[in-house]
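Q: Curious how this folds, go ahead:
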Amino acid sequence: MKKSYFIHKFLDYFWVALLLSLLYFLWILYRGPLSVPFLKPYIIEALNSKQSEYTMDIGTVNLELIRSIQPVKIIAKDVTLRKNNGDISIKTPKLFLSFSVRALLKGIIAPSNITIKNPTLSIFTTYGVEKDKENEINQKKIEYYFEWFESFLERFNSLEKIYPESYINDISIQNANIEFHEVDLGQKWKFSNTNLKFKRNFSNLDLSAGGVVDLDDRMATLNASIKFDPIKQKLILGAGFADVVVSDFIKEIGAGISGVDVPIEGNIKAYVNFAEVLENIDNLSQNIDKAIEKIEFGLKGSEGKIEFEHNEHFDYPIDSFAFEGEVNGGLDSIALKKAELSTGNQKVELEVSASGYKKYFLEKSLEDLKINFKTNINKLLMDDLSRFWPRYYAEPAWEWCKEGLYGGEYQNAKFEFEWNYDKKEKEITLSKLNGSAQISDGTVFYLEGMPEVTNVYGTANFDIGTIDIHLDKGISDGIMLDSGRVRLYDLDKDRNYIDIRINGETSVADALRYINNPPLEFTKDLGLDISKISGNVNIDLGLNFELYQDLKPEDIKVNVKAKLNDIIVKEVMNGKDLKSPKANLQVTSKGFDVSGNALFDNIPLQFDFKQEFDNKNYKSKGKFKLRADKTLQEKFNIKNDFLSSPYIEGFADVEANLVIINDEKSKIDVSADLKNASIDYSFFGFNKPLDEDGTIKTTLIFNNNKLSDVPNFHLKKNDFLLDGKISLNKNGEISTIDIEKIEGPKTSANAKIEFTYQPKYKIKINVNGNTYDLTELFTKRENKQKQQAKTDKENLNDDDLEDVPDTEVLITVNSLWTNPDTPIKNFVGSATLKNGIGIHEMHILGNHGSDKSIKFNLDYAPRKNGEYFLNIDSNNAGSTLRVLRLYENMSGGILKIEAKKGKDKKMIGHAKIRDFRIHNTPLMAKLLTVASLSGMLDMLKGDGLVFSHFDAPFTYEHKTLKITDAKMFGNVIGFTSDGTVNRTTSDINIKGIVSPAYSLNSMVGKIPLVGKVLAGHDGTIFAFDYAITNTIDDPKININPLSILSPNSVKDLFKEE
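A: Down below sits the predicted model:
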């Protein structure tokens, strides 16, 4: 009992003494720190278990009373800890710690809680990166820090708890200043106000840090955390930051980006399978995909800019952005769940994904990196497009869009951007851009000087090298546009271009005004008066030019296509309008071309008119097709005898090529198909009937819209050619036709025709050369006269040349043909024709055959009393009559014709021929046949009948030849004739006597007494009467059979009157 009592008393006194001691101890501590230097070695041992690697110094050790859960703390002052190799240095004025009782029970001196205030830390890390292998930096960092964490876990989470660190439950470092050196990289980081915390929880270890980092005089807040689950071997790494600028950490971005000056804040959390880390610790970088299960992140950015090429001109402003997403499959694939970007007061939502980051992170290689952005924007003001589009990419196109697209909005816009590594450029580039948007009520200003297009509706499509805007409708300077296209292309190249197509319908006047705006001014070049043009047009305006400043007109490629409808151009010529139902116009930078069908004063024509703006040889040129006929001549007031009837009949299809050399001078090359025209230039030996092929080509020169010269013409048919030129006087009248070549089957000559208009119209014709064929001329005249005689016999003129103007003709040729067989050699002929008279004077001289002694001479000259005298001499009557186309069945003979033409136009004369031969004449053959004079007929058909004399008094009037008492006789036969022959109609009415054996008959008639009884007045005894009527081609011959053997006195009695 007493023993128990003493024990209780002892314990009571003991606790009282202990409490008093504790109170005394606290009173002492309250008075001030209690120095406990004996604890210094224990503290050093507890904090520096690796004394072989670290050196630690402690100034003093005290026990102090503080206001906390643990009011009594062991405080070490002026503590320094240095790693012997200099990698780590820690200095702190105060260090608070408590010892672990569990460790003490095991004989281990270890801290339980550590608090460090206001320390200064210097940390030097060496990753083992060689200078020429900087791409291995991140690999080395991963290996370095995971090895460090493995070592950390080994000491802080040792199951055997053989390390003092395994007993630490809490470490707190407060308000630290840290210098962190990455020696291999030459990088130094300065942290201030940094707090680090380690806490051992029941199921995990927590390690966190946070502070302020100095980034080029800009302060940013960083924090990091590590949470490790020892049981699951899972590691959660976290990081947070604020006021960080991207460029402070990422120097090489690519795609032209030189910096990202955008303050950002955010957090990153990585989930790591630490078991995989430990399993692959020796080759961790290659197996990082297995170790890192997932990375979650969230980023926010505030107002800033993205810099391009260190040129503030290209700065891209950012108002704000927010990204939330995760990295799956290791480090390779990044997907954003939420992405928002705001710039220009416009917020857009983005879909962002990236891949290939692993190779970039581990090897600093961009080769596999690919970043994709997608966004949908319901409405975007057109003025804001330039805010979303970085100016650096295709700056000329950016500037054009900024200045040229405004006023409306884009609706339902969709964009997709993709960046990846360009092996050629060796950097990240924009490799893909797809986008589309609907344009609503916008304005397009496509070229300085041209009217803007307003009220534009359409669609816009975008790709990496192209912006393609399709216009559904719009209005430009009053023109209603029903379609169009603005295409900016080669935006991914150094030089950017734009191609513009605008389609619309309007009046021709509006369209011409439209293309006359600077810098085009095409209407001025066309030389058109807009006020005189009406009609409608469907216009397609095309422009193409490079996008750069100070664009010049010659740098613009222009292609304007227009379909013109119901066009009227007033007062084109002589006050007449040009009307075209349909035409086409094309204008390019080089020139213009307008073509179509038209009516000019109801004359149909086809035209194709061109002009080359830069051609110094001419101003413009055109092609016209039309039909030239009498109506055309009348409409265009073309008055020239040689271009009118009777020389030209019908029409010609003409193709004319017009060249306007300058404002005063122009040239037309004309080519005409003459198949549907008949041309009678028989006086040149050229005659082309209807439906025979023929062409004419000529060049016409105009000065001041008047024909001034025809430097060449080529009139051709199958066997004939006329080449020459035409000169005109100052009044535009033909002054000279110079035919340099007249080539045909029997023609080789040249000619010159001169025209005089004052004081009286007069023509002068001069022909010379080797041979000249006028056969066709006389044949045509005779045929024409015969046709005229069939319908109007009473009005036949003696001279059908009375209506020709005053004309002088001179022909000098070696051979002149008036018939197919017999020419005149060494021909010299002249003629004067007077209007109202016809032939006024004529002189002809020539030879028949090669013998110059056989001559032909014709003179027809006026007398003072108004009479004309004709004299024809020839020593080859047959050839002469054939040349004169009077008779073609005679050969030889000496011819003499003398005649006088009075004022009454009646010609009286006498024809005399001696010693000639008649052969094979149809009229005489038929007469001999009817008279049954077969022997003489045979002679006629053979060598011919020889006559010694022919005498014929005659008169000639109204194309009718009247002969009286004409006689023609020879040894074989003789004829007398009285009557008429019409040379135009071939009508014949001749009566006379045929006397066979004329010499014998005339001899008997000369016998006295008998001859007077038996012979008639012609002096013959045996003869018969004949009468020839009808026409020369179809004569009717009557023979009086009673007259053959009757005495002439009886014959004369029975002659019909």
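
Q: Nearest the geometric middle of the chain, what residue?
A: The chain has N559 as the residue nearest its centroid, 5.4 Å off, counting by Cα atoms, centre = their mean.

Q: Mind telling me what element it is part of?
A: Taking DSSP states H and E as the definition, one finds N559 inside strand 557-573.

Q: try W400
A: Using DSSP H and E, W400 maps to helix 395-404.

Q: May I have the strands that pair with the next helix or strand after that helix, each with its orientation?
A: Next along the chain after helix 395-404, taking DSSP H and E as the criterion, comes strand 405-406. Paired neighbours of strand 405-406 in the sheet (DSSP bridges): strand 427-444 (antiparallel).

Q: What is the distance between the partner strand and the centre of its chain?
A: Taking Cα atoms, centre = their mean, to the nearest Å, one finds strand 427-444 lying 27 Å from the centre of the chain it belongs to.

Q: what about the stretch 151-300 of the chain, any weak spots by pLDDT?
A: 249-255 (pLDDT under 70).

Q: Let me see the domain layout of the chain.
A: As recorded under automatic domain parsing, the domains making up the chain are 2-122, 377-416+424-471+488-495, 518-614, 919-1057.

Q: could I get the helix or strand following the strand holding N559 in PDB with only the CA atoms?
A: Next helix or strand after strand 557-573 toward the C-terminus (DSSP H and E): strand 576-588. The C-alpha coordinates for strand 576-588 follow below in PDB (Å, rounded to 0.1, in the frame of the first residue of the first chain):
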ATOM      1  CA  LYS A 576     -26.400  56.500-144.000                       C
ATOM      2  CA  ASP A 577     -26.600  54.200-141.000                       C
ATOM      3  CA  LEU A 578     -24.900  50.800-140.500                       C
ATOM      4  CA  LYS A 579     -27.200  48.200-139.000                       C
ATOM      5  CA  SER A 580     -26.000  44.900-137.600                       C
ATOM      6  CA  PRO A 581     -28.400  42.300-136.100                       C
ATOM      7  CA  LYS A 582     -25.500  40.300-134.600                       C
ATOM      8  CA  ALA A 583     -21.800  41.000-134.300                       C
ATOM      9  CA  ASN A 584     -18.900  40.000-132.100                       C
ATOM     10  CA  LEU A 585     -16.300  42.300-130.500                       C
ATOM     11  CA  GLN A 586     -13.100  41.200-128.900                       C
ATOM     12  CA  VAL A 587     -10.600  43.600-127.300                       C
ATOM     13  CA  THR A 588      -7.200  42.500-126.000                       C
END
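
Q: about what we covered before: would you list the domains of the chain in a markdown table and tack on mean pLDDT?
A: Output for the domains of the chain, formatted as a markdown table (pLDDT from 0 to 100):
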| stretch | mean pLDDT |
| --- | --- |
| domain 2-122 | 74 |
| domain 377-416+424-471+488-495 | 86 |
| domain 518-614 | 81 |
| domain 919-1057 | 75 |
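
Q: can I get these in JSON lines with distance to G909?
A: (C-beta placed from N, C-alpha, C; glycine too.) Conversion of these to JSON lines gives the following (distance: least, Cβ to Cβ, whole Å):
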{"stretch": "domain 2-122", "distance to G909": "152"}
{"stretch": "domain 377-416+424-471+488-495", "distance to G909": "88"}
{"stretch": "domain 518-614", "distance to G909": "53"}
{"stretch": "domain 919-1057", "distance to G909": "6"}
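
Q: between those, which gets nearest to K746?
A: Each of those has some distance to K746 by Cβ to Cβ; the shortest is domain 919-1057, at 23.8 Å.

Q: Surely S203 touches K234?
A: No: S203 is beyond contact range of K234, at 10.9 Å (criterion: Cβ atoms under 8 Å).

Q: Settle it for me: which of these two has more neighbours?
A: Counted by other Cβ atoms under 10 Å, S203 and K234 do not tie: K234 has more neighbours, with 16 against 9.

Q: just checking, that one touches A270?
A: No: contact criterion Cβ under 8 Å: K234 and A270 do not qualify, at 11.1 Å.

Q: which residues touch stretch 830-849?
A: Contact with stretch 830-849 is made by 797-811, 816, 822, 824-829, 853-862, 874, 876, 879-880, as judged by Cβ atoms under 8 Å, 6 or more residues apart in numbering.

Q: List buried residues within these.
A: For the contacts of stretch 830-849, a burial check counting by 16 or more other Cβ atoms under 10 Å picks out 798, 801, 804, 806-811, 816, 822, 824-827, 829, 854-856, 858, 860, 874, 876, 879-880.

Q: Next step: the contacts of stretch 830-849 restricted to strands.
A: Taking DSSP state E as the definition of strands, those contribute 806-811, 816, 824-829, 855-862, 874.

Q: that older thread, residues contacting the helix holding W400, please?
A: Taking Cβ under 8 Å, 6+ apart as the rule, helix 395-404 contacts 314, 385-386, 389-391, 444-446, 467, 488, 491, 496, 498, 546-548.

Q: buried residues in it?
A: 395-402, 404.

Q: Could you single out the nearest of these to Y144?
A: The shortest approach to Y144 among the buried residues of helix 395-404 belongs to E395, at 44.2 Å (Cβ to Cβ).

Q: the strands in the stretch 151-300 of the chain, which residues?
A: Under the criterion DSSP state E, counting those that start in this stretch, the stretch 151-300 of the chain contains strands at 170-182, 187-200, 205-215, 218-229, 234-245, 257-261, 263-273, 292-301.

Q: Of these, which is nearest S748?
A: Proximity to S748 (Cβ to Cβ) singles out strand 257-261 among the strands of the stretch 151-300 of the chain, at 89.1 Å.

Q: Roughly how far does D214 sit from I90?
A: Computed as Cβ to Cβ, to the nearest Å, the D214 to I90 distance reads 20 Å.

Q: ok, which stretches of the stretch 401-550 of the chain are strands?
A: If DSSP E, counting those that start in this stretch is used as the criterion, the strands of the stretch 401-550 of the chain fall at 405-406, 409-422, 427-444, 453-463, 466-476, 479-489, 497-507, 533-546.

Q: That's all I had, so thanks and see you.
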